[in-house]
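S.K.: build me a model from this:
(one chain, ligands or ions: 1)
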Amino acid sequence: MDSTKHTRIRLGGRSLDIVAATAPGPVSGGTSGGPLSDIRVVLAPLCGITDAVFRKICLDRGADMAVTEMISSEGLVRNSPHVRSIRGLDMAEGPLSLQIFGADPEIMGEAAAILSGLRPRFIDLNFGCPVRKIVNKNGGSAVLKNLELLGRICRRVVKESGVPVSAKIRSGWDKPTAVGVKDIARTIEDAGVSMITVHARAKSQAFSAMADWMLIKAVKDAVSIPVVGNGDVTGPNSYFEMKAMTGCDAVMIGRAAIGNPWIFEEIAAAVDGRDYTPPSFRERVEGLLCHVRSSVRDCGEPLGIVSARRIMSAYLKRLPNAREIRSKIMTCTRLGDLTTTMDGYLRQIEQESASNTHAVAGDTGMSLC
Ligand SMILES: Cc1cc2nc3c(=O)[nH]c(=O)nc-3n(C[C@H](O)[C@H](O)[C@H](O)COP(=O)(O)O)c2cc1C
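M.R.: Purely as a prediction, here's the structure:
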């Protein structure tokens, strides 16, 4: 198991204390004994959501690895005060992959060199982001339009990084085709990248269409490095379907984990053939509060509560009378008020549930944090 140490990295004139792993991630390729040998399900990078708190919660609930939200290579190298994504980075959280974006091979290489000093499992390259301000600077999914640039970025990062490099792609820029996505994947593999994640939608599709898993299969057939499938996996059924349809080596889950970190336990139980008991109301409420408490520990009040609002809504989606309680807690700015409100709500739904013969599985009384 990796041990950890505090490391001070310099970003321009500023230095930053980060908890780094002392042992590097594995470097070999292939699926047995390679970089994915112990990884079945990965938490996707979700900008604005997969902060340190959320990553830790998902890793504790069975995600085998978490990818950070994208980090600007320019910001990192030029010491922008706004490189928010690396706040709270702690390699002791569990297996982490640090994702960077940018279009300049040299700067991407420099950023990879800085971050690989922290010994993450992977440096991950973002070739999927569709956001205008990023693609307008030729970053994210825009790199997919230029295979020559794609190859140069990958080669440079592989050269500069002291840990394995992975790339996360969309299936194309405009009209995704099996030929197009295979060319992209081969360019990445030829440049020495150790793993590819395929979000099976083109940039032009945003999130409008269903992910086309056959394009994940096309990549799997085209390369010999491990392939992670991504797009629309929402539980054990779709996990098994994606694995069977594409032959991918691991599966990445994004939106379905928001407010439902138990999805990782559920899939792990299904894979191992173990029984799985879904979380009770109490566990879901405890999960929500645990999340907010960690957020407040990191950012203080009221910021920690305000920044967790989106996540709170997602937790509530799976609970009764969600609309009513949501409107009450969205005005809370103090942890004490939020806890009191949620306690009252929990008592109410537990009473209703007890008097309902079709009640959801009972409360285990388990405290999550
Ligand atoms: C709010 C949000 C933020 C995202 N941020 C990133 C990001 O920083 N880097 C990245 O590679 N993908 C990002 N993605 C894409 C996801 O990682 C993932 O590829 C996509 O949501 C499809 O997977 P899913 O169907 O499991 O959600 C983001 C998606 C969403 C919805």
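S.K.: quick one: whatever residue of the stretch 101-250 of the chain ends up closest to the ligand from residue 90, how far?
M.R.: Residue nearest to the ligand within the stretch 101-250 of the chain (C-beta to the nearest ligand atom): residue 199, separated by 3.7 Å. C-beta coordinates here come from the backbone N, C-alpha and C atoms, glycine included. According to C-beta to C-beta, to the nearest Å, residue 199 stands 26 Å off from residue 90.
S.K.: who has more neighbours out of these two?
M.R.: Counting neighbours by other C-beta atoms under 10 Å for residue 199 and for residue 90 shows that residue 199 has the greater number, 25 against 17.
S.K.: what sits closest to the residue in the chain positioned nearest to the ligand if chain neighbours are left out?
M.R.: Going by C-beta to the nearest ligand atom, the ligand is nearest to residue 254 of the chain, at 2.9 Å. Nearest non-adjacent residue to residue 254, counting by C-beta to C-beta, 6 or more residues apart in numbering: residue 44, 3.3 Å away.
S.K.: can you check residue 310 too?
M.R.: Among residues not flanking residue 310 along the chain, residue 49 sits closest, at 7.0 Å (C-beta to C-beta, 6+ apart).
S.K.: give me the secondary structure label for that neighbour.
M.R.: The three-state label given to residue 49 by DSSP: H, G, I helix; E, B strand; the rest coil is coil.
S.K.: quick one: name the residues of the stretch 151-300 of the chain near the ligand.
M.R.: 168, 199, 230-233, 253-256 (C-beta under 6 Å from any ligand atom).
S.K.: now, which of those residues lie within strands?
M.R.: Counting by DSSP state E, the part of those found in strands is 168, 199, 230, 253.
S.K.: my guess is the residue of the stretch 101-250 of the chain closest to the ligand meets residue 171, correct?
M.R.: Yes - here residue 199 reaches residue 171: they are 7.3 Å apart, a contact under C-beta atoms under 8 Å.
S.K.: look up the pLDDT of residue 174 for me, please.
M.R.: pLDDT for residue 174: 88.
S.K.: shouldn't it be within a helix?
M.R.: No - according to three-state DSSP, residue 174 belongs to no helix; its state is coil.
S.K.: number of residues surrounding it?
M.R.: Neighbour count of residue 174, defined by other C-beta under 10 Å: 12.
S.K.: the one 4 residues further on too?
M.R.: The burial metric for residue 178, expressed as a neighbour count using other C-beta under 10 Å, is 17.
S.K.: how about it, what does it touch?
M.R.: Contacts here follow C-beta atoms under 8 Å, 6 or more residues apart in numbering; on that basis residue 178 touches 214-215, 218.
S.K.: the ligand contacts on the stretch 1-150 of the chain?
M.R.: 44-49, 69-70, 99, 126, 128-129.
S.K.: can I get those in TSV including neighbour count, pLDDT and secondary structure?
M.R.: Output for those, formatted as TSV (neighbours: other C-beta atoms under 10 Å; pLDDT from 0 to 100; DSSP: H, G, I helix; E, B strand; the rest coil):
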residue	neighbour count	pLDDT	secondary structure
44	26	98	coil
45	27	97	coil
46	18	95	coil
47	15	92	coil
48	10	85	coil
49	20	88	coil
69	19	93	coil
70	25	95	coil
99	28	97	strand
126	26	98	strand
128	25	96	coil
129	22	95	coil
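S.K.: which single one of those is nearest to residue 208?
M.R.: residue 128 (15.2 Å; C-beta to C-beta).
S.K.: would you check that that closest one makes contact with residue 140?
M.R.: Yes - in this structure residue 128 lies within contact range of residue 140 using C-beta under 8 Å: 6.4 Å.
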